[in-house]
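Q: predicted model and sequence follow; I will ask about them next.
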Amino acid sequence: MQLEPAVLRLSASVSTEVEFGVCTVTCGIGIREVLLTSGCPGTEAKCIVRVEECRGPVDCGWGIPISEGLTCVKMPCIYIPPENRFKYVWRMFIPNKTAHILPNDAAIMEVCRDTHSVTFQCETQENGNEIASVKYMVYATTEMETKKSRIEGGQSRRTMTDAILVFCLVTGLIVTVGVISAMVFMILNRAVVKSIWESKSGQDNQDKKLANRRSLCNLE
């Protein structure tokens, strides 16, 4: 969609103090709100007067593909709607070779992986001036398979570690519940526990007395 100023109808005598919102991008081209700080309708302290373009540094560094599979990668240029307003120049960089300008002039390009990793760059131009530039690294098929194997191996190790951790937590929880249950049982049944303890102590005393008597008899 095309951005058009959303102008607020205000009296000419009203003060037009404005401030600018944060740009939606840190590089290339984006949009920002223009806010009125005085004379807004009702009790609003601020209100939007319009939306306008904003610019950042041209070089946006390395971008993130729209989609990335084991065979192909889909990469976007930097732009704001409408995309046909700008001109797009795609370049392909191969080590030890001169950059090659591709015939593709669309805002989005899809390429398939090769046997070697390749760097692509999209330049967004307006009226012959470069306003944004972004790069993408398209890894070779073998490198992607290696990365996938590493990721799967790391996930397997994490899964095993998580299983061990869960087992330890469950075991500790069961032991804790058992100890707490035993303590609660002893507190609720103090009389029974006390009687059992006293009967056991009495039996132990009788056993000791019998043992002493036997010792005396043996001495005699």
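A: Sure thing, it's come through. Numbering: from 1, shown residues only.

Q: buried sites along the strand or helix carrying residue 31?
A: Assigned by DSSP states H and E, residue 31 belongs to strand 29-36. Across strand 29-36, burial judged by 16 or more other Cβ atoms under 10 Å covers 29, 30, 32, 33, 35, 36. Placement of C-beta: from N, CA and C, glycine included.

Q: stretch 39-54 too?
A: 40, 47, 49, 50, 54.

Q: mind putting those residues in CSV, secondary structure included?
A: Shown next, in CSV, are the buried residues of stretch 39-54 (DSSP: H, G, I helix; E, B strand; the rest coil):
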residue, secondary structure
40, coil
47, strand
49, strand
50, strand
54, strand
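
Q: among the residues you listed, which two are most distant?
A: 40 and 54 (22.3 Å; Cβ to Cβ).

Q: could you redo the buried residues of stretch 39-54 as CSV and give each row pLDDT and distance to residue 172?
A: Compiled in CSV, the buried residues of stretch 39-54 are given as follows (pLDDT from 0 to 100; distance: Cβ to Cβ, whole Å):
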residue, pLDDT, distance to residue 172
40, 84, 60
47, 89, 58
49, 87, 61
50, 90, 61
54, 94, 55
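
Q: which stretches of this protein form strands?
A: Using DSSP state E, the strands of the chain run over residues 18-20, 29-36, 47-55, 59-62, 67-68, 72-76, 87-93, 100-101, 108-112, 118-126, 129-138.

Q: what's the burial count for residue 133?
A: Using other Cβ atoms under 10 Å, residue 133 has 22 other residues around it.

Q: sorry, back to before: do you know which of the strands of the chain lies nearest residue 186?
A: Between residue 186 and these, the shortest separation by Cβ to Cβ is 62.2 Å, and it involves strand 67-68.

Q: who does the closest residue in space to residue 22 that isn't next to it in sequence form a beta bridge with?
A: In space, residue 22 comes closest to residue 32 once its chain neighbours are excluded; the distance is 6.5 Å by Cβ to Cβ, 6 or more residues apart in numbering. On the basis of DSSP bridges, residue 32 is bridged to residue 52.
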